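Asker: I would like the atomic coordinates for the input below:
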Amino acid sequence: MTGGAMRPVSSTESAGPPAATSFRPLSDAQCALLEASPYPMLVLDREFRIRFVNMAASEYGVVVPALLVGRNVWACYPALEGSVFHDAYQGVLDSGTATRFERYDAERDRWQAVVAYPADGGVVAKLEDITETKRAEFALRESEAAQRRALNALQRSEEVLRLAQEAASIGSFDVDLRTGLMTRSKQLLRLLALEPGVGHETLGLGAAIDDFVHAEDRDRIRREWSEIVSTGVGRTLRVRLIRADGVVRHVTSSMMLVRNEQGAPVRIVGTSIDVTEQLHAEEERQYVEAQIQHAQKLESLGVLAGGIAHDFNNLLVGILGNASLALLDLDPGTEARQSLAAIEESAQRAADLTRQLLAYAGKGRYVMERMNIAPVIEDMQSLMRSAMSRNASLRVDLTVPMPDVEVDISQFRQVMMNLVTNASDALGNASGTVTVHSGQQELSREFLATCVPGTNAAPGAFAYVAVRDTGSGMDDSTRRRMFEPFFSTKFTGRGLGLAATMGIVRSHRGTLCVESATGSGTSVTLFLPIATATQHEPASMRDGEWRGAGHILVVDDEDSVRAVATALLRRRGFEVTEAKDGSHAVELLRQHPAGYALVLLDLTMPGMNGEATFRALREIRDDLRVLLMSGYNEQDVTRMFLGRGPAGFLQKPFRADELYARVADTLHAQSM
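Answerer: Numbering: from 1, shown residues only. Prediction:
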């Protein structure tokens, strides 16, 4: 009768399954008596058939006695079958005793009390709404509980405050402005490294400031106290405290003014919390962010340097190539040869500058060899001494034997010369010593995080060479910028210098660590990973009179590069076809798949780049020999190609003899 609406019943619907006993409705007099009750009433027989339901029960469903009387109550109110009603009514029938239960009707947000008792072989149930009574009980219990909680909180407030302050490492103080005495909590005493309970709790305000506030902060703190008293405005301030043991701590104090009933200021109360560790963490975070920004700046500069070097290399190909062609056409005694040789020499110096740009970008050309670098450093001592100032002395202390590393020997020499000359310059006009020493060390990820940012070194075993000077050292700002291009503490910057060094180290998968402080010199340590595999020997060179035969496809988006390469190759007997870009090259090969002995392919081209062109050409002809051209280093280029890579690599800019040597090596390898 509660908890769900009555199921609709048609006039022709069966009254349910056959009853075990004949159904007997209530008499009219009984119905009239029950109908007078203000409470919902329900009468059931032993088979739970409805004998009577009054109109007060209409709130819980449509009450039409003609439709309900004689029907099973659970069929009329299906939501109640198996509920507390079913169990209670069945219990009354089984035991013959009355029962009472309470039920919360969530659908109507009401509480109901149901009394069910046996009568006339069945069950009579009366339902009463007790919502207001229940709510009053709940409110009373909640009020009593709140009073108990308030009483307990009041009793524990002082202890809770003390524990909370200790848990949060917050100290508190209370200054009586009439007496000038400061009362300090136990936690504040601990913050000051004082023992609670031995007379330190109360102290004069002036003595507290003079004894524990840092000398540089005392005047400011006194002004702040005066401002709080005069304006009545509380404030939060940062102060340095000197503990009883002499340790300086940074504290944040929040203070407010307390007035009496007449409005006169009587007390200043406040809290203090030690924020030293937070400040250190913030400084560390700012340092890490600065390192990340520095690495990103170096990376951006590297991209710019690499792009400039690429375009400059293409120009140098035309200059060097045409100079080589002109020299081939001139007799040895011709005066013009001297001018052309000067042009070639200047272009070569420009190529060296380009290699420095590529080294800074981490894309220089390297011929990697497995070697012990200790003998190399020994052999360089005379050269390093000649590059140092006269008032600087060199001391070399090398670990022997040193583990092998994989390096480009010329680039390694450049790095050593840069580090030694930079150390010599750091001495200025004063006498001093530059020390070079070596060893090996296992580097962790945590240690690598302290090194110069922007490298790709991985944790592992490293050989190292440290260059230390006895100069004036560097401050943090100079140390952070020392690897930037053209940065110098001298009158003007000399060039790429240490920036190129950084690029070389990055491409060798090494790292640099700098230790320096003003007045204590500088130590720069070069770490190179210990070699795990041998390096292939470079291909042999051919003499300048070598001639070849066959058809070569030259692919480059720069007209000058194609023209120079074509002219040089034709002088050695090759038939040459030019392609202005990757798509053009693919089209030419598709027309004559077997017509080319070799493809000379540029790596960096607009549209279809060299990598995509290489794969498209190989799809047409799997055995096609491809000689890649690029200003980037060979290791980075060949790493782009998985499986069967290019047959060879030609570094831009190139001279005639370098082009001939690479083509000869590639074709020779094909014939073997």
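Asker: hey, which helix or strand in this structure has the poorest pLDDT?
Answerer: When the helices and strands of the chain are scored by mean pLDDT, DSSP states H and E, helix 634-638 comes last with a mean of 59.
Asker: Thr450 against Cys513, yeah?
Answerer: Yes. Using CB atoms under 8 Å, Thr450 is in contact with Cys513, at 6.8 Å. From N, CA and C alone the C-beta is placed, and that goes for glycine too.
Asker: these two: which has the busier surroundings?
Answerer: Between Thr450 and Cys513, counting by other CB atoms under 10 Å, Cys513 is the more crowded of the two (17 against 12).
Asker: partner strands of the host helix or strand of the more buried one and their direction?
Answerer: Here Cys513, judged by DSSP states H and E, is contained in strand 511-516. Sheet pairing of strand 511-516 (DSSP bridges) gives strand 522-529 (antiparallel).
Asker: return the strand it pairs with as PDB; C-alpha atoms alone will do.
Answerer: Provided in PDB are the C-alpha atoms of strand 522-529 (Å, rounded to 0.1, in the frame of the first residue of the first chain):
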ATOM      1  CA  THR A 522      87.500  27.300 -13.400                       C
ATOM      2  CA  SER A 523      87.500  23.600 -14.300                       C
ATOM      3  CA  VAL A 524      85.900  22.400 -17.500                       C
ATOM      4  CA  THR A 525      85.700  18.600 -17.800                       C
ATOM      5  CA  LEU A 526      85.000  16.900 -21.200                       C
ATOM      6  CA  PHE A 527      83.300  13.500 -20.800                       C
ATOM      7  CA  LEU A 528      83.300  11.000 -23.800                       C
ATOM      8  CA  PRO A 529      81.500   7.600 -23.600                       C
END
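Asker: who are the packing partners of the helix or strand just after it?
Answerer: Next helix or strand after strand 522-529 toward the C-terminus (DSSP H and E): strand 551-555. Helices and strands touching strand 551-555, by 3 or more CB pairs under 8 Å, 6 or more residues apart in numbering; DSSP states H and E, are helix 559-571, strand 575-579, helix 582-591, strand 598-602.
Asker: out of the ones you listed, deepest packed?
Answerer: strand 598-602 (a mean of 26; mean count of other CB atoms under 10 Å).
Asker: only alpha carbons, please: show that one as CSV.
Answerer: Extracted as CSV, the C-alpha positions of strand 598-602 are listed here (Å, rounded to 0.1, in the frame of the first residue of the first chain):
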residue,chain,number,x,y,z
LEU,A,598,74.9,6.0,-59.9
VAL,A,599,72.7,8.7,-58.5
LEU,A,600,74.4,11.7,-56.8
LEU,A,601,71.5,12.9,-54.5
ASP,A,602,71.3,16.0,-52.2
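Asker: now the angle from it to strand 551-555?
Answerer: Put simply, strand 598-602 runs at 10 degrees to strand 551-555, going by axes from the mean of the first three to the mean of the last three CA atoms, to 10 degrees.
Asker: same for the very next helix or strand once past strand 598-602, what does it pack against?
Answerer: Later in the chain than strand 598-602, the nearest helix or strand by DSSP H and E is helix 610-620. Packing partners of helix 610-620 (3+ CB pairs under 8 Å, 6+ apart): helix 582-591, strand 598-602, strand 626-630.
Asker: wait, what's in contact with Arg240?
Answerer: Shown in contact with Arg240 (CB atoms under 8 Å, 6 or more residues apart in numbering): Val213, His214, Glu216, Asp217, Val248, Arg249, His250, Val251.
Asker: for it, which non-adjacent residue is spatially closest?
Answerer: His214 (3.7 Å; CB to CB, 6 or more residues apart in numbering).
Asker: OK, contacts around that neighbour?
Answerer: Val239, Arg240, Leu241, Ile242, Val248.
Asker: correct me, but Leu512 touches Val452?
Answerer: Yes. Under the criterion of CB under 8 Å, Leu512 makes contact with Val452 at 4.6 Å.
Asker: identify the contacts common to those two.
Answerer: Both Leu512 and Val452 are contacted by Phe483, Met502, under the criterion CB under 8 Å, 6+ apart.
Asker: right, and the secondary structure at Ala423 would be what?
Answerer: Using DSSP: H, G, I helix; E, B strand; the rest coil, the structure places Ala423 in helix.
Asker: tell me, how many residues neighbour it?
Answerer: Ala423 sits with 27 neighbouring residues when counted by other CB under 10 Å.
Asker: can you name the residues that contact the closest residue to it other than its chain neighbours?
Answerer: In this structure, Ala423 finds its nearest non-sequential neighbour in Asp469, 3.8 Å apart by CB to CB, 6+ apart. For Asp469, the contacting residues are Ala423, Ser424, Ala426, Leu427, Gly432, Thr433, Val434, Thr435, Gly521, Thr522, Ser523, by CB under 8 Å, 6+ apart.
Asker: no more questions from me, cheers.
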